[in-house]
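S.K.: Dropping a prediction and its sequence here:
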Amino acid sequence: MKEFIEKLIDKYAIKPMHSRHANQVFLTIKQDRLPDALTWLRDFAGYTHLAFITAVDYPEIEKIQLTYMVHNYQENTDIGLRVLLDRRQPEMISVHHLWQHVATYQRELHEMFGIDFPGSPRLKENFALEGWQDVPPMRRDFDTKEYAEKTYFPRPGRETHDPREYMKQKLYPDPKEEK
Amino acid sequence: MENKDKMKLANDGLPEHEKPLFCDARPQTYKPLGKYVEKFLNWARANSLWILGYGTGCGAIELRPLMTARFDMFRWGLAPRPTPRQAGVFVIGGYMSVKTLKRVIRSYEQMQGPKFVIALGSCTINGGMYWDSYNTINRLDHYLPVDIYITGCMPRPEALIAGFNKLKAMIKAQQTDGQNEYARNFDWYKANQKKIVKDWNMPDYNW
């Protein structure tokens, strides 16, 4: 695995890797090299299964991070390829030609994060939200609670307890106070 | 004549060429027949509650055990039906997303009267654990007239049976007025529904 990753790094000029398990590696790659790297991984290196594409929003650094997770059934190893997109106008090269199900993932990412994948089929169609008019709901600057209170007629009288304090009172009174 | 036109529904969500295809009348209130006839009818209604087989949320998982031999809902005259035209009870199973709400409204309006709504789980009462979600409603009674709530997250099948029996008692005592309430406050319900369902591309009243 290690030699293979070094080869991959040489081939696609990938930034330093990050790994927690022996058989799982995350690498950050340049945006325009991603289709090449995925194609090479799929066709020559045995990473035939794209497990998921996921996005994380980082408003602090004005970036959205995409992770493409590919899996190798023979060696039972995973590689996560990460790309950083500009948050103001997130746009990524579509890889729906490599795996068919990618189009669906990209549709969801477009709806939930507002990421554009030019050329991806049925991208602009509704996925889970119908007629959504606000900021894409998975962006971190979208205030879910405020939106729900404004839109969904909250029933008055809801109480919330800080779980930690509540459990302390109910089950484990502070030993210092007892003495 | 003017009043009659005013009472018609606009069906703004439909394209122009589809408007003549759909009904533009409002829902009607039901006037009870004579005292003893109505009593007999209520007895009959209470003993043949037919559920619309539409699992709208995670609570629908509690409807399956009801059909099995252990709980056996057929003992109480409950039966699942495949289409709203044959069903009399709508069981809203737990959380309701906006996308589902649109289908639920459409199904509810297509059901023949008298119709009843059972709201299952805390999500239908005040949102439950999804109270601050961007896509699930908080309280169902702003969108549909609810006859009975069953609390819990999730309620057990026993609780559901208790709820159905309560509903039966209410029907026999003529305390269920959901259908008439919906017809009387139709504009209010419709305004609430349209506030949530942004792409309203169906008739205002689906009958």
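M.R.: Nice, I can see it. Numbering: from 1, shown residues only, chains lettered A, B, ... in the order given.

S.K.: Three-state assignment for A:Thr39, please.
M.R.: For A:Thr39, the secondary-structure state derived from DSSP: H, G, I helix; E, B strand; the rest coil is helix.

S.K.: Hmm, A:Leu98 and it touching each other?
M.R.: Yes: shown here, A:Thr39 and A:Leu98 form a contact pair, counting by Cβ atoms under 8 Å, at 6.3 Å. Where C-beta positions appear, they are placed from N, C-alpha and C, glycine not excepted.

S.K.: More neighbours: the two, which one.
M.R.: A:Leu98 (16 against 13; other Cβ atoms under 10 Å in any protein chain shown).

S.K.: Quick check, B:Ile105 in contact with B:Gln193.
M.R.: Yes: contact status for B:Ile105 versus B:Gln193: in contact at 5.8 Å, counting by Cβ under 8 Å.

S.K.: Overlap in contacts, the two.
M.R.: Contact criterion Cβ atoms under 8 Å, 6 or more residues apart in numbering or on different chains; residues shared by B:Ile105 and B:Gln193: B:Tyr143.

S.K.: Just give the strands next to whatever helix or strand A:Arg82 lives in in its sheet, each with its orientation.
M.R.: Assessed by DSSP states H and E, A:Arg82 sits inside strand A:77-86. Counting by DSSP bridges, the strands paired with strand A:77-86 are strand A:24-28 (parallel), strand A:63-72 (antiparallel).

S.K.: Can you list the low-confidence ranges for chain A?
M.R.: Chain A contains residues with pLDDT under 70 at A:173-179.

S.K.: again with chain B
M.R.: The low-confidence ranges in chain B, as defined by pLDDT under 70, are B:1-6.

S.K.: how does it look with 50?
M.R.: B:1-2 (pLDDT under 50).

S.K.: residue boundaries of the helices in it?
M.R.: With DSSP state H as the criterion, chain B has helices at B:2-7, B:35-46, B:63-67, B:98-110, B:123-126, B:157-172, B:178-184, B:186-196.

S.K.: Give me the neighbour count for residue 118.
M.R.: This is for chain A. The number of residues packed near A:Pro118 is 9, by other Cβ under 10 Å.

S.K.: That was the other one, I meant chain B.
M.R.: Around B:Ile118 sit 22 other residues, with neighbours defined as other Cβ under 10 Å.

S.K.: Relative to chain A, how far out is the closest residue in space to it that isn't next to it in sequence?
M.R.: With sequence-adjacent residues excluded and distances taken as Cβ to Cβ, 6 or more residues apart in numbering or on different chains, B:Ile118 is closest to B:Val91, at 4.9 Å. Distance of B:Val91 to chain A, given as Cβ to the nearest Cβ, to the nearest Å: 21 Å.

S.K.: ok, B:Val91 touching B:Trp50?
M.R.: No: assessed by Cβ under 8 Å, B:Val91 is found out of contact with B:Trp50, at 11.0 Å.

S.K.: out of those two, which sits in the busier spot?
M.R.: Higher neighbour count among B:Val91 and B:Trp50: B:Val91, with 29 against 15, using other Cβ under 10 Å.

S.K.: Write out the residues of chain A neighbouring chain B.
M.R.: Residues of chain A found near chain B (Cβ under 8 Å from any Cβ of the partner chain) are A:126, A:128-133, A:137, A:142, A:144-145, A:147-149, A:151-155, A:157-158.

S.K.: Pull the contacting residues for the nearest residue to B:Leu66 once chain neighbours are set aside.
M.R.: Nearest residue to B:Leu66, sequence neighbours excluded (Cβ to Cβ, 6+ apart): B:Met73, at 4.2 Å. By Cβ under 8 Å, 6+ apart, the contact list for B:Met73 reads B:66-67, B:79, B:161, B:164.

S.K.: likewise A:Glu130?
M.R.: Taking Cβ under 8 Å, 6+ apart, we find A:Glu130 in contact with B:98-99, B:102, B:197-199.

S.K.: now do 6 Å
M.R.: Going by Cβ atoms under 6 Å, 6 or more residues apart in numbering or on different chains, A:Glu130 touches B:99, B:199.

S.K.: Am I right that it sits in a helix?
M.R.: No: according to three-state DSSP, A:Glu130 belongs to no helix; its state is coil.

S.K.: so how far is B:Gly88 from it?
M.R.: Here A:Glu130 is placed at a distance of 28 Å from B:Gly88 (Cβ to Cβ, to the nearest Å).

S.K.: which residues touch the residue in chain A that chain B sits nearest to?
M.R.: Chain A approaches chain B most closely through A:Gly131 (3.2 Å), counting by Cβ to the nearest Cβ. Neighbour list for A:Gly131: B:198-199 [criterion: Cβ under 6 Å, 6+ apart].

S.K.: how close does it get to B:Ile196?
M.R.: Counting by Cβ to Cβ, the gap from A:Gly131 to B:Ile196 is 10 Å.

S.K.: before we move on, what about A:Val95?
M.R.: According to Cβ to Cβ, A:Val95 and B:Ile196 sit 35 Å apart.

S.K.: Ok, A:Leu109 next?
M.R.: Counting by Cβ to Cβ, the gap from A:Leu109 to B:Ile196 is 24 Å.

S.K.: Could you check which of these two is surrounded by more residues?
M.R.: Using other Cβ under 10 Å, the more surrounded residue of A:Leu109 and B:Ile196 is A:Leu109, with 25 against 20.

S.K.: quick one: contacts for the more buried one?
M.R.: Residues near A:Leu109 by Cβ under 6 Å, 6+ apart: A:55, A:115.

S.K.: And the next helix or strand past whatever helix or strand it lives in?
M.R.: Taking DSSP H and E as the definition, A:Leu109 sits inside helix A:102-113. Per DSSP H and E, helix A:102-113 leads on to helix A:144-151 as the next helix or strand towards the C-terminus.

S.K.: Now for B:Phe164, how many residues are close by?
M.R.: Count around B:Phe164 with other Cβ under 10 Å applied: 24.

S.K.: How about B:Phe22?
M.R.: Neighbouring residues of B:Phe22 were enumerated by other Cβ under 10 Å; the total is 15.

S.K.: Tally up the residues packed near the closest residue to it other than its chain neighbours, please.
M.R.: Leaving out its chain neighbours, the residue that sits closest to B:Phe22 by Cβ to Cβ, 6+ apart is B:Pro203, at 4.1 Å. Per other Cβ under 10 Å, the neighbour tally for B:Pro203 reads 21.
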